[in-house]
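*Asks:* With the input below, show me the fold.
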Amino acid sequence: MLNQQFAVRGGSNGVSWGNVVWRRGSDLLPWEYAQLIELCNSQVVSACSWRPLGSQTKRVPLKATAFYMRGGDAILYANFRKLDPAYESARWQFYRILSNVNFGSYLNYGDLTLHNYSRMYWSENLPRLGQIKAKYDPDQWVSNIQGVPLPT
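*Replies:* This is a model prediction of the structure:
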């Protein structure tokens with residue numbers, strides 16, 4: 001199991017979202033499903049969805065591209081109303097419920113609060129990506145606050 005993190009990002013429209021990449025073989029317990037359904041039906045959550053990744057994503061081996069989430073089967077996704085007083089509590093309840101099935105985080109939902117973002121986005125691909133970064137962009141002309149870091 002990866003470090004217990006998931007992506008949560010604030011939007012300008014008063015909504016933030018969270019996502020966890022789920023992989024078949026790691027399943028929620030019945031009481032966790034009940035908690036997730038209850039949370040998704042609460043006032044603080046405006047939407048929950050289960051986005052299958054499809055079998056085509058797995059045809060490319062995990063190490064063939066930067067995107068480690070290719071090994072997942074679905075992205076569990078929720079929108080939270082940031083102005084609701086229960087926002088923080090609901091966001092972390094979502095995280096706690098799904099912490100046992102968390103395979104990683106989908107990079108499109110980048111999160112500046114992720115402390116271990118490189119592991120969540122790229123996992124075991126990070127050392128190879130760092131070597132590529134050092135070879136082709138040692139001066140970091142192409143950079144992002146959560147981009148691939150240069151090896152230390």
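
*Asks:* Pretty sure residue 145 sits in a helix.
*Replies:* No: per DSSP: H, G, I helix; E, B strand; the rest coil, residue 145 lies outside any helix segment and is coil.

*Asks:* bridging residues for residue 51?
*Replies:* As for beta bridges, residue 51 partners with residue 75 under DSSP bridges.

*Asks:* contacting residues around it?
*Replies:* Residues near residue 51 by C-beta atoms under 8 Å, 6 or more residues apart in numbering: 74-77. No exception for glycine: its C-beta is placed from N, CA and C like everyone else's.

*Asks:* now stretch 102-111: mean pLDDT?
*Replies:* Mean per-residue pLDDT for stretch 102-111: 67.

*Asks:* With stretch 119-135 instead?
*Replies:* 87.

*Asks:* same thing with stretch 78-87?
*Replies:* 84.

*Asks:* what ranges do the helices span in this structure?
*Replies:* Using DSSP state H, the helices of the chain run over 30-40, 87-98, 117-122, 126-136.

*Asks:* Check those for me and report the most buried one.
*Replies:* helix 117-122 (a mean of 21; mean count of other C-beta atoms under 10 Å).

*Asks:* can you tell me which residue is nearest the centre of this structure?
*Replies:* Note on the chain: the residue nearest the mean C-alpha position is residue 105, at 2.0 Å, using C-alpha atoms, centre = their mean.

*Asks:* wouldn't that one be in contact with residue 123 here?
*Replies:* No: judged on C-beta atoms under 8 Å, residue 105 makes no contact with residue 123 at a distance of 10.1 Å.

*Asks:* related to what we said a few turns ago, how about the helices of the chain in CSV, adding distance to residue 146?
*Replies:* Output for those, formatted as CSV (distance: least, C-beta to C-beta, whole Å):
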stretch, distance to residue 146
helix 30-40, 27
helix 87-98, 18
helix 117-122, 5
helix 126-136, 12
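
*Asks:* Of those helices, give the one that comes closest to residue 63.
*Replies:* helix 126-136 (7.3 Å; C-beta to C-beta).

*Asks:* Please list the residues outside that closest one that contact it.
*Replies:* 63, 66, 118-119, 122, 140, 147-151.

*Asks:* Kind regards, and thank you for your time.
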